[in-house]
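>>> Could you work out the structure for the sequence below:
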Amino acid sequence: MLVTAMMTAGCSGSAEPGADSHAGAPSTSAPASPSASPTSAFCLDLTPFQVGVVVYRGDLADAVHSQQLDVKDLRQRAAVIAHMGEEMQASAPPDIAKQFRTVLGAIRRSSSNLKPHSQLRDAVTPVFNEKVNPSFEAVNEYDCGAEDK
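Now for the predicted structure:
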């Protein structure tokens, strides 16, 4: 029952100007909703997830510049991010859930393309392209409970 409540309520976040925030009226639910807080399961793991994603993308960018791909290390890093994301996904707030799923899917696709002797672009393209970049930015900038402060 608690998981259902967390999935329904989520936590509030801040959207960047011009971002697609699933336009709609703010929730009219009771202001004391316990799952609409920075202590929700999603919000508690958000910062480590954000850091992991930034580091993973940074390592891929470094690989592009150096033309050296450490497949084993990148796969391990992606596996940790994917596991954390899977645990968070059920409690993702509605205003970021779609972008979060997009980011998680891109990390999975990138990781699945990390194989010995694989092309660097096969791992980079899923996490660096016009279609997914706005989702990565939205998740990176999402701040649980920022509007409550």
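
>>> check contacts around Thr102.
Taking Cβ atoms under 8 Å, 6 or more residues apart in numbering, we find Thr102 in contact with Val132, Ser135. In this view, the C-beta of every residue, glycine as well, is placed from N, C-alpha and C.

>>> How about the helix or strand containing it, which residues are buried there?
Using DSSP states H and E, Thr102 maps to helix 97-112. Residues of helix 97-112 classed as buried: Ala97, Gln99, Phe100, Thr102, Val103, Leu104, Ala106, Ile107, Arg108, Arg109, Ser110, Ser111 (neighbour count, 16 or more other Cβ atoms under 10 Å).

>>> which among these gets closest to Ala123?
Nearest to Ala123 among the buried residues of helix 97-112 is Ser110, at 5.0 Å by Cβ to Cβ.

>>> I'd like to know how many residues surround the closest residue to the closest one other than its chain neighbours.
Excluding its sequence neighbours, the residue lying closest to Ser110 (Cβ to Cβ, 6 or more residues apart in numbering) is Pro126, at 4.2 Å. Neighbourhood size, Pro126 [other Cβ atoms under 10 Å]: 20.

>>> Make residue 1 into 45 and carry on from there
Shifting the count to begin at 45 puts that one at Pro170.

>>> if we can go back for a sec, which of the buried residues of helix 141-156 sits closest to Gln112?
Within the set of these, Ser154 lies nearest Gln112; the separation is 16.6 Å, counting by Cβ to Cβ.
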